[in-house]
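Student: build me a structure from this.
(one chain, ligands or ions: 1)
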Amino acid sequence: MNAIQRSQKTLKAFRLLKAGFKTSIIVNDTGLKPDYIRSLTKELENVQLKGGQLPEAKAILNTHFASIEGYAFLSTYLTLTTKQTSNHLDLDVLARAYQLYIKIRNQCELCKSSNTSAIDINEAWVLLRSFKINNIVFHRCRHCYNHFIIPADKQPNATCPFCYLKRKVS
Ligand SMILES: [Zn+2]
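Tutor: Numbers count the residues shown, from 1 in each chain. A predicted model of the protein is given here:
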């Protein structure tokens, strides 16, 4: 890596740290060393270093709402990227899609009234990566025609979160 490439990757690492990505994701994307990423964090105000393991997609999708939240994020990402078929995962686009997902979510009455949590940006990364390697898939309910996401190996028996919530409130 030459000096210009390193400067560009350092600036990207700053952006990704501010966006809230875990160190492991930033290391993976930029090729910069973990210690260097840690040293960058000290230069930023109000940014905490986020270490620890990433959850599995199945663990994130363990509630009915999470499969709706995940779909809302992924469809926002796919709207913003032109590289839908590529396995490349653009973290700058992911961060923009995540901000948009949160903005849309803040306007959603169901989200406010049900008091559920948004997925965080690192969970969004896990879901996007899993989607790109077909570990999770979009699924359309045959009854209400709404879309949501599920682990690929669960497809034939998927319980629709929208139908479930409708039954719960009626
Ligand atoms: Zn349904």
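
Student: flag the shaky bits of this protein, pLDDT-wise.
Tutor: In the predicted model, the chain carries pLDDT under 70 at residues 83-86, 110, 115, 156-157.

Student: how close does the residue most central in space within the chain sit to the ion?
Tutor: Per Cα atoms, centre = their mean, the C-alpha nearest to the average position across the chain is that of residue 124, at 0.9 Å. Distance from residue 124 to the ion, counting by Cβ to the ion, to the nearest Å: 24 Å. (C-beta placed from N, C-alpha, C; glycine too.)

Student: surely that residue is within a helix?
Tutor: Yes: assessed with DSSP: H, G, I helix; E, B strand; the rest coil, residue 124 lies in a helix.

Student: now for it: which residues touch it?
Tutor: 73, 77, 94, 97, 98, 101 (Cβ atoms under 8 Å, 6 or more residues apart in numbering).

Student: now do residue 20
Tutor: 50, 120, 121, 122.

Student: from residue 152, how far off is the first one?
Tutor: Between residue 50 and residue 152 the distance is 28 Å, computed by Cβ to Cβ, to the nearest Å.

Student: what parts of this structure come near the ion?
Tutor: Counting by Cβ under 5 Å from the ion, the residues of the chain close to the ion are 141, 143, 144, 160, 162, 163.

Student: what about the second one, how many neighbours?
Tutor: If you count neighbours by other Cβ atoms under 10 Å, residue 143 ends up with 9.

Student: picking that back up, restricted to buried residues, select the contacts of residue 124 in PyMOL.
Tutor: Selecting only the buried entries of the contacts of residue 124 in PyMOL, with 16 or more other Cβ atoms under 10 Å as the criterion:
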select buried, resi 73+77+94+97+98+101
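
Student: hmm, which two among the contacts of residue 124 are most spread apart?
Tutor: Pairwise distances across those peak at 10.1 Å for 94 and 101 (criterion: Cβ to Cβ).

Student: which stretches of this structure form strands?
Tutor: 136-140, 147-151 (DSSP state E).

Student: pull the contacting residues for residue 65.
Tutor: Contacts of residue 65 by Cβ under 8 Å, 6+ apart are 114, 116, 161.

Student: among the residues you listed, which ones are buried?
Tutor: 116, 161.

Student: out of the contacts of residue 65, list just those in helices.
Tutor: 114, 161 (DSSP state H).

Student: nearest to residue 62 among the contacts of residue 65?
Tutor: residue 161 (11.7 Å).

Student: leaving out the residues flanking it, which one is nearest to the closest one?
Tutor: residue 64 (3.6 Å; Cβ to Cβ, 6 or more residues apart in numbering).

Student: what about residue 80, distance to the ion?
Tutor: For residue 80 relative to the ion (Cβ to the ion), the value is 27 Å.

Student: fine, thanks again, bye for now.
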